[in-house]
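Visitor: structural data only, the sequence is not supplied:
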Ligand SMILES: [Zn+2]
Ligand SMILES: [Zn+2]
């Protein structure tokens, strides 16, 4: 195991999580049993003074995050538990979080590619691989420059356009991707290895593993550090962590490639007298 943390977990507080078992009381012992030492909750949130939430975000206004935060802090857990949030952007420069709310969370992850939210997030002008690729690049660069997120989750994975994934990424030259990832690296923004990168041929995820591998390899080359995220919405989906660890292994990641947030606290050795 390279990573001892899963920094992207949805609790029952997320509207899209239908599993009542998805609670800290169930998740902490489950992941501790798998050898994990740290986890982070990242329920969806949209908070903006300028842009009204979509229907999906209407009730995901931060209240539940604060309740979860207080609850987590009020208990003792066998592993380290953080409470963050997964915020969104609907266009370059238009983000769904305020500095005040960020301050109340342990950390913030941001999605730059929720293009399946067709009535909310700006879509590419044309449904072509090249146009989608340019669109993703603009979103990513804007988020990386914003300095808002600690982690960019599932970067360059085009939700809503998975069938264009291979071709769109192939249309982006290495140099441009390296430049984009360098911005994230210089702002200490972590790049997430998310479960969406694992092809699922039986579903609509027929893409080549080489595509996310190229993205993550370039991120590593640009000096980015990484986290892994199950993005679990139900209690069964933590099984995916084993596969994410293998993916991290094939990227030849080591301690120095781990983002500070994903690192576990080193316990000081007590001298025996
Ligand atoms: Zn997401
Ligand atoms: Zn998520």
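Guide: Nice, I can see it. Since this is a predicted model, take the numbers as computed values, not measurements. Residues are numbered from 1 along each chain as shown. Ligands and ions are numbered 1, 2, ... in the order given.
Visitor: tell me the contacts of the closest residue to ligand 2 within the stretch 101-250 of the chain?
Guide: Closest contact between the stretch 101-250 of the chain and ligand 2, by C-beta to the ion, is at residue 231 (4.4 Å). Just so you know, the C-beta spots here come from the backbone N, C-alpha and C atoms, and that holds for glycine as well. Shown in contact with residue 231 (C-beta atoms under 8 Å, 6 or more residues apart in numbering): 8-10, 153-154, 194-196, 237.
Visitor: go with 7 Å
Guide: Going by C-beta atoms under 7 Å, 6 or more residues apart in numbering, residue 231 touches 8, 194-195.
Visitor: can you check residue 90 too?
Guide: By C-beta under 7 Å, 6+ apart, the contact list for residue 90 reads 51, 120-122.
Visitor: let's go with 8 Å and repeat that
Guide: 51, 96, 120-122.
Visitor: over to residue 14?
Guide: 43-44, 60, 233.
Visitor: what average pLDDT does the strand or helix carrying residue 102 get?
Guide: If you go by DSSP states H and E, residue 102 is part of helix 99-104. Helix 99-104 shows a mean pLDDT of 98.
Visitor: could you list every helix and strand in contact with the next helix or strand after that helix?
Guide: Counting by DSSP H and E, the next helix or strand C-terminal to helix 99-104 is strand 107-111. In terms of contacts (3 or more C-beta pairs under 8 Å, 6 or more residues apart in numbering; DSSP states H and E), strand 107-111 is packed against strand 5-9, strand 80-91, strand 151-153.
Visitor: show me the shaky parts of the chain.
Guide: 201, 203-205, 267-273 (pLDDT under 70).
Visitor: at which residues are the strands of the protein located?
Guide: Along the chain, counting by DSSP state E, strands occupy 5-9, 38-44, 80-91, 94-95, 107-111, 151-153, 190-194, 226-229.
Visitor: return the residues of this structure in contact with ligand 2.
Guide: Taking C-beta under 5 Å from the ion as the criterion, the neighbours of ligand 2 within the chain are 86, 231.
Visitor: would you state the helices of the stretch 101-250 of the chain in chain order?
Guide: Per DSSP state H, counting those that start in this stretch, the stretch 101-250 of the chain carries helices over the ranges 129-146, 165-170, 174-186, 210-221, 240-250.
Visitor: would you format those helices as CSV with mean neighbour count included?
Guide: Formatted as CSV, these follow (neighbours: other C-beta atoms under 10 Å):
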stretch, mean neighbour count
helix 129-146, 20
helix 165-170, 20
helix 174-186, 18
helix 210-221, 19
helix 240-250, 16
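Visitor: nearest to residue 29, out of those?
Guide: Among the helices of the stretch 101-250 of the chain, the nearest to residue 29 by C-beta to C-beta is helix 240-250 (15.0 Å).
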